[in-house]
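Undergrad: sequence first, then the predicted structure:
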Amino acid sequence: MRRLESIQEKIVTLISENNYGLTIEEVSNKLHINRGTASKYLAILEAREKILVRELGKAKLHYPRTKALEVKLK
């Protein structure tokens with residue numbers, strides 16, 4: 001169970017360090033994890049309201065959850 005939490009923590013940290021928005025592909029490449037794994041954990045983090053997601057065409061950009069972004073993205 002700790003390994004799963006570690007992946008989620010790494011994803012949140014990565015997104016927080018790159019607040020311009022990251023795609024699933026960018027997250028998977030930067031953390032050296034499978035794209036499917038990245039997608040799964042990004043969906044979990046979105047459901048837990050740890051990150052924000054903005055659809056841009058076919059791509060989804062993932063952002064750190066902040067009050068300013070919540071207002072801006074809505």
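TA: Here it is on my side, so go on. Numbers count the residues shown, from 1 in each chain.
Undergrad: drop to CA atoms for contacts and neighbour counts, all remaining ones
TA: Fine.
Undergrad: give me the neighbour count for Lys58.
TA: 6 (other CA atoms under 10 Å).
Undergrad: scratch that, Lys50 is what I was asking about
TA: Burial of Lys50 is recorded as 15 neighbouring residues (other CA under 10 Å).
Undergrad: doesn't Pro64 make contact with it?
TA: Yes: taking contacts as CA atoms under 8 Å, Lys50 lies within contact range of Pro64: 7.1 Å.
Undergrad: any shared contact partners between those two?
TA: The contact sets of Lys50 and Pro64 overlap at Val12 (CA atoms under 8 Å, 6 or more residues apart in numbering).
Undergrad: ranges for the strands of this protein?
TA: For the chain, the strands defined by DSSP state E occupy 51-56, 59-64.
Undergrad: among those strands, which comes closest to Glu17?
TA: For the strands of the chain, the distance to Glu17 is smallest for strand 59-64, at 8.7 Å, taking CA to CA.
Undergrad: buried set for that closest one?
TA: Within strand 59-64, the residues that count as buried by 16 or more other CA atoms under 10 Å are Lys60, Leu61, His62, Tyr63, Pro64.
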